[in-house]
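> How does the following fold in three dimensions:
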Amino acid sequence: MALIRRNVLLAKDEVTYNTDPTPSAANDAVLVENLAWGPANQRMIAREHGRTSLAPVQQIYGGTLWQITFDVRLKGSGTAGTAPEFGPLLKACGMSETIVASTSVTYEPASSSIGSCTIYVYEDGKLYPVTGCRGTFTFEAAAGGAAKLSFTMTGHLGTHSDTSLPAPTLDATDPVAFLSASASILGYSSPVFETLSFDMQNNVIMPSSANAADGYGEIRIQGRNVTGSINPEDVAKATKDWIGEWKAGTSGALQTGVIGSTAGNRWQVSFPDAYYIDVPPGDREGIRTFDLNFGANESSGDDEVSIVLT
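Sure, this is the predicted structure:
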């Protein structure tokens, strides 16, 4: 019997795509929630032989990839200028990582030199090693909660085995609550809102390859389309004209401000040039809101969104 909640996830940057860098429990453990895994793009070959019997012929396995999904709480490493434990995952989701020693770690979209990672999934007595992982993620933060990143990673399954759970060394830094934000929406400061979310919407492609044992070649990120939503309370038109700006194609910065007060565990999410896609009305406990759906433009290239840890 295997208990689903007894699990450990390790993630490590690959130097060469699809080459296992051997993650270790001491250095590469990531604290995750809602871990799930299984085949992706699996092929089973159907055979429509002419036979005297109407029964089908057994299908033949023709290859598969492996998909892993999980949530990670957004937090710093505890030391300003030191990358968080989930850094390899963000880089494998098409984000660049810029480190300023003792100061900050910034993640922004990349269009070249996109990383990949190896993920080890341990589940109560078994190990599933998955190499060449790339994927996509979403972000969600709600007032009074801890912001989370939800990952969908796809890679090549190695040889799974019966293996005892390792004793991981996990970052002891606690996530901070989404409070005391100094948010702004296209020039409107201090909106009253409850949630902010965004979706990288990476277009992850999985080309076939007859040379590969699993039938698939290098997993690649072929494109992205960053979109999000935020739900501020309605205000007078003279204060902020959500509908008018939507019709006019107005764009501008949307940001959370710095969340957290301790160096090494502060974060900020910013969109330098956001625009409204849709402005439907909402209702929060009888108060009129606008459920603003927005897109994110580049400002100076590959910077539609940034996650900054300080």
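> what pLDDT does the residue located most distally from the centre of the chain get?
Distance from the C-alpha centroid of the chain, by C-alpha atoms, centre = their mean, peaks at T52 (52.1 Å). Per-residue pLDDT puts T52 at 91.
> For it, list the residues it contacts.
If a contact means C-beta atoms under 8 Å, 6 or more residues apart in numbering, then T52 has no contacts. Backbone N, C-alpha and C define where each C-beta goes, glycine included.
> all helices for the stretch 51-200 of the chain, in order.
Ranges of helices within the stretch 51-200 of the chain are 87-91, based on DSSP state H, counting those that start in this stretch.
> For T173, see how far away the closest residue to Y120 other than its chain neighbours is.
With C-beta to C-beta, 6 or more residues apart in numbering as the criterion, Y120 has its nearest non-adjacent residue at 4.2 Å, and that residue is L10. L10 sits 18 Å away from T173 when distances are taken as C-beta to C-beta, to the nearest Å.
> Tell me which of those two has more neighbours.
Comparing L10 with T173 by other C-beta atoms under 10 Å, the one with more neighbours is L10, at 25 against 18.
> beta partners for that one?
Following DSSP bridges, L10 is listed with bridge partners A29, Y120.
> Let me see the mean pLDDT of stretch 174-185.
Stretch 174-185 carries an average pLDDT of 98.
> List the buried residues of that stretch.
Neighbour-count burial for stretch 174-185, counted by 16 or more other C-beta atoms under 10 Å, picks out P175, V176, F178, A181, A183, S184, I185.
> which one of those residues is nearest A263?
Among the buried residues of stretch 174-185, V176 lies closest to A263 (C-beta to C-beta), at 12.2 Å.
> Hmm, the closest one is touching V258, no?
No. Counting by C-beta atoms under 8 Å, V176 sits too far from V258 to count as a contact (10.2 Å).
> list residues touching both of these two?
Counting by C-beta under 8 Å, 6+ apart, the contacts common to V176 and V258 are R266, W267.
> what pairs with the longest strand along the chain, and is each one parallel or antiparallel?
Counting residues, the longest strand in the chain under DSSP state E turns out to be strand 126-142. Within its sheet, and counting by DSSP bridges, strand 126-142 is paired with strand 117-123 (antiparallel), strand 148-157 (antiparallel), strand 161-162 (antiparallel), strand 193-199 (antiparallel).
> Name the residues that touch the third one?
If you take C-beta under 8 Å, 6+ apart as the criterion, strand 161-162 is touched by G125, K126, L127.
> what about the last one, how many neighbours?
The one in question is L127. 19.
> cool, and A80?
Should you count by other C-beta under 10 Å, A80 turns out to have 19 residues around it.
> can you pull the contacts of it?
Contact analysis of A80 by C-beta under 8 Å, 6+ apart lists S102, T103, S104, A263, G264, L309, T310.
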